[in-house]
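Q: I need the structure of the sequence given here:
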Amino acid sequence: MFALSAICIVIAPVFSGEYQAGTDAVILSGKYGKTKLITAKIAASLLFGTIAFVLHILIACGLPLTAFGMDGWNLPLQIINTIIPYPFIFLQAVLINIIILYLILIAMIGLTLLLSAKMKSPYLVLIVLIPILFIPMFLTPNGTTGAYNLILFLLPYRSTMPEFNKYISYQFGGLVLDTLTIRAILYFLLAIIMLPLARLGFKKHQVA
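A: This is a model prediction of the structure:
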């Protein structure tokens, strides 16, 4: 979560920093100010976030692999706990969790850029983001089924946890999906919705 928040802090001024510095008028009145430049800003944010993510994952996974080797990554997760319902080996579980983490990151970058395009200061962006990222750290499942638990397991903080030893399902009519699938779908949809909205938000900004 601290790595995720650090990336968001760096990206927060992408658009709002232009408002604060008063350069938004210059940028938006330029030939490519409302087209290529906005796309370049979003692309640079995604590139920065991806590079930071890759470095973080290399360290997080590289240290244990260097210390203990790769023996055993083809063994089933049930070695940890026999009640784990997922038919994954350790390598599959790690890769699935990394993919979900990356989708969370892209969605949070999208949210950061959207807030940055709508707010006049990077500090206002962080005032909104920090509670979203860290308040769920103090919330715990209540042990019963219900909307509270279902929402809690989809918040960014809780979604970074693998939760392979729990099988929490989400039912939509006759369709039942597990937590991992819902997380992947949710954050993918949030990413593809918020990134275009961020672009549109800066493009439609009215210069004072």
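Q: Could you give the number of residues near residue 132?
A: The number of residues packed around residue 132, counting by other CB atoms under 10 Å, is 16. Using the backbone N, CA and C atoms, a C-beta is placed for each residue, glycine as well.
Q: Tell me which residues of whichever strand or helix holds it come out buried.
A: Using DSSP states H and E, residue 132 sits in helix 122-134. If you call a residue buried by 16 or more other CB atoms under 10 Å, then helix 122-134 has these buried ones: 122, 124-126, 129, 132-133.
Q: what residue ranges in this structure are flagged as low confidence?
A: For the chain, the stretches flagged by pLDDT under 70 are 33, 143-145, 205-208.
Q: hey, where'd the helices end up in it?
A: In the chain, the segments counted as helices under DSSP state H are 2-11, 13-21, 24-29, 36-68, 90-118, 122-134, 147-152, 156-159, 179-203.
Q: Reformat these as CSV; add distance to residue 166.
A: Converted to CSV, the helices of the chain look like this (distance: least, CB to CB, whole Å):
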stretch, distance to residue 166
helix 2-11, 22
helix 13-21, 37
helix 24-29, 46
helix 36-68, 22
helix 90-118, 13
helix 122-134, 22
helix 147-152, 10
helix 156-159, 11
helix 179-203, 7
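Q: so which of the ones you listed gets nearest residue 75?
A: Using CB to CB as the criterion, the shortest distance between residue 75 and the helices of the chain is 6.0 Å, found for helix 90-118.
Q: from the middle of its chain, how far away would that closest one be?
A: Its chain's C-alpha centre lies 3 Å from the corresponding centre of helix 90-118 when counted by CA atoms, centre = their mean, to the nearest Å.
Q: Buried ones in that helix, by neighbour count?
A: Burial within helix 90-118, assessed by neighbour count using 16+ other CB under 10 Å, is assigned to 90, 93-94, 96-97, 100-118.
Q: List the contacts of the helix holding residue 132.
A: 1, 4-5, 8-9, 12-13, 16-17, 20, 108, 111-112, 115-116, 119, 155-157 (CB atoms under 8 Å, 6 or more residues apart in numbering).
Q: So how do I select the buried members of these in ChimeraX?
A: With 16+ other CB under 10 Å as the burial test, the buried ones among these are selected in ChimeraX as follows:
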select :4,5,8,12,13,16,20,108,111,112,115,116,119,155,156,157
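Q: Helix 90-118 and the helix holding residue 132, what's the angle between them?
A: Counting by axes from the mean of the first three to the mean of the last three CA atoms, to 10 degrees, helix 122-134 points 150 degrees away from the direction of helix 90-118.
Q: mind checking which of the helices of the chain is nearest residue 170?
A: It is, among the helices of the chain and with distance given as CB to CB, helix 179-203, at 5.0 Å.
Q: Next, the angle helix 13-21 makes with that closest one.
A: For helix 179-203 against helix 13-21, the angle by the same axes, to 10 degrees is 30 degrees.
Q: can you pull the buried residues of helix 179-203?
A: Within helix 179-203, the residues scored as buried using 16+ other CB under 10 Å are 179-180, 182-184, 186-187, 190-191, 194-195, 198-199, 201-202.
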